[in-house]
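> Make a model of this:
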Amino acid sequence: MSIPAAGLSQTPARHSIDSARLAAWMQVHIAGFSGPIEVQQFAGGQSSPTFLVQSPARRYVLRRKPPGKLLPSAHAVDREFRVLAALEDTGVPVAPVYALCEDSEVIGSAFYVMDYVEGRIFWDALLPEVAPSGRRDIYLEMVRVLAALHSVDYAAASLSDYGKPGHYVERQVARWTQQYRASETEKIEGIERLIDWLPKHIPADEQTSIVHGDFRLDNTIFHPTEPRILAVLDWELSTLGHPLVDLAYYCMRYHLSVAEFRGLGGVDPKTYLIPSEAECVAEYCRLRGIAPIAPRDWTYYQAFCMFRMAAILQGVLARALQGNASSETALQAGRRAKPLAELGWQLVQQSFDV
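Numbers count the residues shown, from 1 in each chain. Predicted structure coming up:
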């Protein structure tokens with residue numbers, strides 16, 4: 001017997017879905033489907049609205065583009081669908097996908113449907129719901145899965161054209177600078193300094209792999225009782241890129257405050273039997289068989305990740321101010337762009353002569 005789905009909320013009117021039209025589409029495009037359906041939105045998430053679709057026989061998850069005017073290349077659910085389909089047989093844990101709909105006439109925007117994976121999602125980095133003896137395994141499982149993703153032969157997975165190999169950081173800095181400018185609502189000193197500094201100090205260690213782009217604890221579903229990831233979620237920012245940027249993003253939580261970002265900043269991980277940032281990085285390098293990461297390169301990737309996340313949060317803030325947010329908490333989340341950018345610049349100041 002399946003347990004009730006967690007994290008559901010009242011669907012805002014702007015995200016409402018015509019369940020009869022959706023059911024008719026699913027009847028044609030998903031083998032074994034039979035209606036009627038009930039559709040409910042999942043709470044949280046500032047990006048593509050996500051819904052539970054319940055039929056008499058099974059559960060599905062639907063990810064859609066938000067309605068309204070969007071930034072260029074944002075909310076690319078078609079890319080999410082493609083990478084999930086490509087990774088299904090690689091050993092990287094993902095939810096099976098069923099069908100993609102690019103016809104906005106069906107529910108108002110493009111969407112795809114995937115399987116509902118039952119398990120645990122952890123929102124608090126301190127893992128209060130996990131026995132202390134099991135917390136280390138949760139963190140190291142995240143590292144294992146990230147190393148597995150970066151070890152996938154993207155050409156063999158038919159993803160050679162999923163992004164441009166090489167110069168990933170250079171292109172990302174330019175892209176997120178442009179995205180930030182497109183959604184700017186105020187001058188943020190930390191952002192301005194990073195926009196000036198980042199292009200001039202890009203590390204020379206070119207590497208290319210499939211990268212997730214938003215790999216963090218609450219974007220994974222763990223087995224109900226085991227420290228094993230069943231599915232990695234939210235592939236909107238995935239592309240071909242530099243794997244160490246993905247790793248730095250995962251480790252960013254060690255620097256983010258508990259209060260504002262549900263992070264581990266100011267916390268001694270040993271107190272909670274959580275591996276340190278250095279332990280996670282060393283384990284990743286061991287699993288991938290690569291040399292230790294140069295300290296200044298590591299600082300750069302962390303600062304870049306904070307810059308990119310600040311730019312994303314600025315977009316969330318802009319959409320909230322326009323009344324076109326994906327979540328009811330968007331305004332609060334968007335306000336975090338400024339402290340995150342300031343933290344990124346502080347890291348640079350601590351490691352470089354600026």
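> which stretches of the stretch 51-200 of the chain form strands?
59-64, 97-101, 111-115 (DSSP state E, counting those that start in this stretch).
> okay, those strands in CSV with distance to residue 304 and mean neighbour count next?
Quick note: C-beta positions are derived from backbone N, CA and C, even for glycine. Shown next, in CSV, are those (distance: least, CB to CB, whole Å; neighbours: other CB atoms under 10 Å):
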stretch, distance to residue 304, mean neighbour count
strand 59-64, 26, 23
strand 97-101, 30, 20
strand 111-115, 29, 22
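> will you turn those strands into a markdown table that also has distance to residue 181 and mean pLDDT?
Listed next are the strands of the stretch 51-200 of the chain as a markdown table, based on distance: least, CB to CB, whole Å; pLDDT from 0 to 100:
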| stretch | distance to residue 181 | mean pLDDT |
| --- | --- | --- |
| strand 59-64 | 27 | 95 |
| strand 97-101 | 31 | 97 |
| strand 111-115 | 29 | 96 |
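> The ones you listed into a markdown table, with extra columns for distance to residue 248?
Putting those into a markdown table (distance: least, CB to CB, whole Å) gives the following:
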| stretch | distance to residue 248 |
| --- | --- |
| strand 59-64 | 26 |
| strand 97-101 | 28 |
| strand 111-115 | 28 |
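> Residue 208 is nearest to which of those?
strand 97-101 (24.3 Å; CB to CB).
> any idea which helix or strand comes after the longest helix seen in the chain?
Scanning the chain for the helix with the most residues, using DSSP state H, yields helix 295-321. Next helix or strand after helix 295-321 toward the C-terminus (DSSP states H and E): helix 330-334.
> How far away from the center of its chain is that following helix?
Centroid displacement of helix 330-334 relative to its chain, using CA atoms, centre = their mean, to the nearest Å, is 17 Å.
> which one of the strands of the stretch 51-200 of the chain lies closest to residue 302?
So among the strands of the stretch 51-200 of the chain, strand 59-64 is nearest, using CB to CB, at 28.7 Å.
> Go ahead and name everything in contact with the closest one.
Here strand 59-64 makes contact (CB atoms under 8 Å, 6 or more residues apart in numbering) with 2, 5, 15, 17, 22, 26, 30, 39, 48-54, 77, 80, 95, 98, 107-116.
> one more time with 6 Å
By CB atoms under 6 Å, 6 or more residues apart in numbering, the residues outside strand 59-64 that reach it are 48-51, 53, 77, 109, 111-114, 116.
> repeat for stretch 278-290
With CB under 6 Å, 6+ apart, stretch 278-290 has contacts from 143, 147, 247, 292.
> PyMOL command to pick out the buried ones of these?
Of these, the buried ones go into a single PyMOL selection, burial set by 16 or more other CB atoms under 10 Å:
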select buried, resi 143+147+247
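> Adding distance to residue 192 and pLDDT, write the contacts of stretch 278-290 out as CSV.
Formatted as CSV, these follow (distance: CB to CB, whole Å; pLDDT from 0 to 100):
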residue, distance to residue 192, pLDDT
143, 34, 98
147, 35, 98
247, 27, 98
292, 33, 96
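> ok, and the closest non-adjacent residue to the residue most central in space within the chain?
With distances taken as CA atoms, centre = their mean, the residue of the chain nearest its centroid is residue 214 (2.7 Å). In this structure, residue 214 finds its nearest non-sequential neighbour in residue 237, 5.0 Å apart by CB to CB, 6 or more residues apart in numbering.
> Any idea how many residues pack against that neighbour?
By other CB atoms under 10 Å, 21 other residues sit near residue 237.
> Next one: the residue nearest to the centre of the chain from residue 21, what distance?
Going from residue 214 to residue 21 by CB to CB, to the nearest Å gives 30 Å.
> cool, residue 169 as well?
43 Å.
> Tell me which of those two has more neighbours.
The residue with more neighbours, out of residue 169 and residue 21, is residue 169; 22 against 13, by other CB under 10 Å.
> Tell me, what's the model's pLDDT at residue 22?
Listed pLDDT for residue 22 reads 96.
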